[in-house]
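> sequence first, then the predicted structure, then my questions.
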Amino acid sequence: MPKKPVATNKLSSKPLNKRAKKLPEAEARQPLLTARRNARMARSAHAYVRGSTNRFYEWLDGIEGHALPEGPAVWICGDCHTGNLGPVADAHGRVEIQIRDLDQTVIGNPAHDLIRLGLSLATAARGSDLPGVTTVQMMEALADGYERAFDESAGEADIHAEKPEAVRVVMKEAVRRSWRHLAEERIEDSEPTIPLGSRFWPLAKNERREIDEFFRKTSVATLATVLRGAGDEADVEVLDAAYWVKGCSSLGRLRYAVLLDIDGAAVDGDDLCLIDIKEAAPAAAPRYAGARMPRDNAERVVEGARHLSPLLGDRMKSARLADRAVVIRELLPQDMKLTIEQLTRDEATKAARFLALVVGKAHARQMDVAERKAWLGELRKNRSKTLDAPGWLWKSIVELVSSHAAGYLEHCRRYATGPDAG
């Protein structure tokens, strides 16, 4: 009987099962992931905001003398900070700025998304050493951009003309990206293997076996084949897989990167597929009482994505792996994170207005004409002479910035001396 050939990289002679040394085994991951998450949150106040979703809702609920309007019952992001917005693409290459992370999505109060986005922008402004008056202007721009999504008479030309430079740059890059860009960014190599190191850790034998079996299911494999028009009968082979050390607030959940070959011809990016498998955990964002949502957390995430970010939602599936609810999606080259860290005064207001419009559109597409009109009326009520933004929005941002600043310093005291800090 002939000896079975060793699987090799089709672009080189390197064995696919080559593994780096001294990386954590599966049973040793959790303490390391927890330490890494805490260290990442200590790097900046903005990073702390991104990683403290649970605390955000605790603080918001605890603000005294504070009453938020009850907006229409729609799917909300639930964790609407600037890092969770960015370019996403559909199967035909169309690219738009949409919400790109829906772990916390629920049917809830759209005001929560607006406040979370405002807090994220206000924290970025503080990190950019901008004066307080700029934060005031940002909140006015935030309100203006969001309201435009519900105003039938508002034009959008001026909004798009005033895209912040960070958005212009990332959109230009997104539309010209290819598989090679994706591979070099995500796996630091354009060859069909996943190099182990600080970002990717080895799998246990049972994990790799479960992933191989997982992609033998037609319902799972078609996620990759349909996007390519390959049909349900196309062969899907797992070339490589690894535990993915990715995210901040989600760091520590089940997360795998899986490299697939479609129809056995992995000679270029058209035949390769990089899949993200992510465990779906219960949402911290409060849902409206009586709202009918899927009980399975992965189904909830996919359903929310389809309402809020259709380009992304149509590329996602819910499933179960190792008896856990997971969301699977193919990563496309155009999917990028929008990074807004350092802002100028001009860019700060542009960013606030534009990103609020993106979120407003995601909410508005779920409302009928009457609901949009009523919500717009609520947003424009009780304006003061000194601030062209809802009073409840400003009060929430001021108190949350204060709470997060104190929480961040306390977090740094406890965790900023770890090995991953800095």
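Alright, I've got the coordinates. Residues are numbered from 1 along each chain as shown.
> Pro31: what secondary structure?
For Pro31, the assignment made with DSSP: H, G, I helix; E, B strand; the rest coil gives helix.
> ugh, wrong one, I meant Ser198
From three-state DSSP, the assignment for Ser198 is coil.
> that one touches Lys246, doesn't it?
No. Counting by Cβ atoms under 8 Å, Ser198 does not reach Lys246; the two are 11.1 Å apart. Where C-beta positions appear, they are placed from N, C-alpha and C, glycine not excepted.
> ok, the two, which is more surrounded?
Lys246 (16 against 10; other Cβ atoms under 10 Å).
> which non-adjacent residue is nearest that one?
In this structure, Lys246 finds its nearest non-sequential neighbour in Arg255, 5.8 Å apart by Cβ to Cβ, 6 or more residues apart in numbering.
> then Pro69?
Excluding the flanking residues, the one nearest Pro69 by Cβ to Cβ, 6+ apart is Glu378, at 4.8 Å.
> check which helices and strands the one helix or strand the one you found maps to sits against.
Here Glu378 sits within helix 369-379, counting by DSSP states H and E. Judged by 3 or more Cβ pairs under 8 Å, 6 or more residues apart in numbering; DSSP states H and E, helix 369-379 is in contact with helix 132-148.
> by how many degrees do the helix it packs on and helix 369-379 diverge?
On the basis of axes from the mean of the first three to the mean of the last three Cα atoms, to 10 degrees, helix 132-148 is oriented at 160 degrees to helix 369-379.
> which residues sit against helix 132-148?
With contact meaning Cβ atoms under 8 Å, 6 or more residues apart in numbering, helix 132-148 is reached by 114, 117-118, 121-122, 125-126, 154, 156, 159, 345, 348-357, 359-360, 376, 379-380, 387-390, 393-394, 397.
> give me the phi and psi angles of Leu274.
Note on Leu274: backbone dihedrals following degrees, to the nearest 10 are phi -100, psi 120.
> ok, now Val106?
Taking degrees, to the nearest 10 as the convention, Val106 sits at phi -150, psi 170.
> is it in contact with Ile76, as I believe?
Yes. Applying Cβ under 8 Å, one finds Val106 in contact with Ile76, separated by 6.5 Å.
> could you pull out the strands for the chain?
74-76, 85-89, 95-99, 106-108, 200-201, 236-244, 255-262, 272-279, 316-321, 324-330 (DSSP state E).
> so for Ala26, which of those strands sits nearest?
strand 236-244 (7.4 Å; Cβ to Cβ).
> next one, pLDDT for the residue nearest to Asp101 when sequence neighbours are not counted please.
Spatial nearest neighbour of Asp101, chain neighbours left out: Asn84 (4.1 Å); criterion: Cβ to Cβ, 6+ apart. Per-residue pLDDT puts Asn84 at 92.
> ok, back up a step: what's the overlap in contacts for Val106 and Ile76?
Ala285.
> which one of the two has more residues nearby?
Neighbours per residue (other Cβ under 10 Å) separate Val106 from Ile76, with Ile76 holding more: 33 against 24.
> is it true that that one touches Gly108?
Yes. Between Ile76 and Gly108 there is a contact under Cβ under 8 Å: 4.9 Å.
> which residues do the two both contact?
Going by Cβ under 8 Å, 6+ apart, residues that sit against Ile76 and also against Gly108 are Ala285.
> list the contacts for the residue nearest to Asp101?
Contacts for Asn84 were tallied using Cβ under 8 Å, 6+ apart; they are 77, 99-101.
> right, so the strands of the chain: which one is the most enclosed?
Counting by mean count of other Cβ atoms under 10 Å, strand 74-76 has the highest mean neighbour count of the strands of the chain, with a mean of 28.
> separation between the residue positioned nearest the centre of the chain and Ala374?
With distances taken as Cα atoms, centre = their mean, Asp101 lies nearest the centre of the chain, 2.5 Å away. Counting by Cβ to Cβ, to the nearest Å, the gap from Asp101 to Ala374 is 29 Å.
> likewise for Lys163?
Going from Lys163 to Ala374 by Cβ to Cβ gives 29 Å.
> try Thr34
44 Å.
> kindly report the same for Arg216.
Using Cβ to Cβ, Arg216 is found at 50 Å from Ala374.
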